[in-house]
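Enquirer: Starting from these lines, generate the structure:
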Amino acid sequence: MKRNALWNGFMALMIVALGFTACELKSDEDRFQSEIRYFILEHLDNDIAYNPIRFQAIDNGFLSSDVVLITSVLAIQDTVRTKLNLALDQSVAFKSPLLDAFLAMENNFEIDLIDEIMLENIKLDKAVQSKLKANSRSVPKGYLAQQQLFTDQLFAINHRLNHFNLSAYHLDLSGKTATFYLHEYQLNQGQSITTVFELNTESLEVLSFKDIS
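Expert: Next comes the predicted model:
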């Protein structure tokens, strides 16, 4: 009997704790959205009607659903895999837990790792060049072709991220310092406008914004 009472009490506490957590998360999201609405209204004339339509947090999940972006990410993944195999052909056993994790990703890619993957790719290139230089050999054309493919796809990824006011060369979606939101709205019942907002996670201050449609 006591055991059942203790178990029921424990479950009740867990439910309350989960409820508080859900409210806290919802509260944070509401705060960001409220700040965006306030920022827009603050910069509008009184006779302009503002109608919010939707908010979308820009995170890894959102970016992974972007077909244009994910096509280039998959190409980068194939290129990294090929480069590692070509490096092995030259007796370069390059170890990188980050690249291993990236190659294991299938659906939900952590897009904000792309800047770190770029640095690991540079380390791989240097390891191959160092090995071949020590043996007085030049880098094979096949490997050079993969280097160019990596560069081309990185350019394409950066171009697409720029659309969302982001950069492949410095990308952090952890929310530690900044949070990104896509907001669609109408002014005076006109054509819908979509704007990307960057907010300071602590102060909620709007750091930057960019209209994308």
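Enquirer: so is A93 in a helix, a strand, or just coil?
Expert: Going by DSSP: H, G, I helix; E, B strand; the rest coil, the secondary structure assigned to A93 is coil.
Enquirer: List the buried residues of stretch 115-134.
Expert: D115, I117, M118, E120, N121, L124, D125, A127, V128, K131, L132 (16 or more other C-beta atoms under 10 Å). C-beta coordinates here come from the backbone N, C-alpha and C atoms, glycine included.
Enquirer: K83 versus the nearest residue to the last one once chain neighbours are set aside, what's the distance?
Expert: Spatial nearest neighbour of L132, excluding adjacent residues (C-beta to C-beta, 6 or more residues apart in numbering): V139 at 5.9 Å. As defined by C-beta to C-beta, to the nearest Å, V139 lies at a distance of 11 Å from K83.
Enquirer: cool, and S167?
Expert: Taking C-beta to C-beta as the measure, S167 falls 23 Å from K83.
Enquirer: Please say which of the two ends up with more neighbours.
Expert: Residue environment comparison for S167 versus K83 gives the larger neighbour count to K83, 22 against 13, counting by other C-beta atoms under 10 Å.
Enquirer: In this structure that one contacts L124, no?
Expert: Yes: counting by C-beta atoms under 8 Å, a contact exists between K83 and L124, whose distance comes to 6.2 Å.
Enquirer: Using CSV, write out the CA atom coordinates for stretch 93-108.
Expert: Provided in CSV are the C-alpha atoms of stretch 93-108 (Å, rounded to 0.1, in the frame of the first residue of the first chain):
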residue,chain,number,x,y,z
ALA,A,93,44.5,7.1,-42.1
PHE,A,94,42.9,10.4,-41.1
LYS,A,95,40.9,10.2,-37.9
SER,A,96,38.1,12.6,-37.3
PRO,A,97,35.1,11.8,-35.0
LEU,A,98,33.3,14.8,-36.4
LEU,A,99,33.6,13.6,-40.0
ASP,A,100,32.6,10.1,-39.0
ALA,A,101,29.5,11.5,-37.3
PHE,A,102,28.7,13.6,-40.4
LEU,A,103,29.0,10.7,-42.7
ALA,A,104,26.6,8.7,-40.4
MET,A,105,23.9,11.3,-40.7
GLU,A,106,21.0,10.4,-43.0
ASN,A,107,17.9,12.5,-42.5
ASN,A,108,18.2,15.1,-39.7
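Enquirer: starting at the chain centroid, how far to that stretch?
Expert: On the basis of C-alpha atoms, centre = their mean, to the nearest Å, stretch 93-108 is displaced by 16 Å from the centre of the chain it belongs to.
Enquirer: State the mean pLDDT of that stretch.
Expert: Summarised as a single mean, pLDDT over stretch 93-108 is 92.
Enquirer: what comes up buried for that stretch?
Expert: The neighbour-count criterion (16+ other C-beta under 10 Å) identifies F94, S96, L99, F102 as the buried residues of stretch 93-108.
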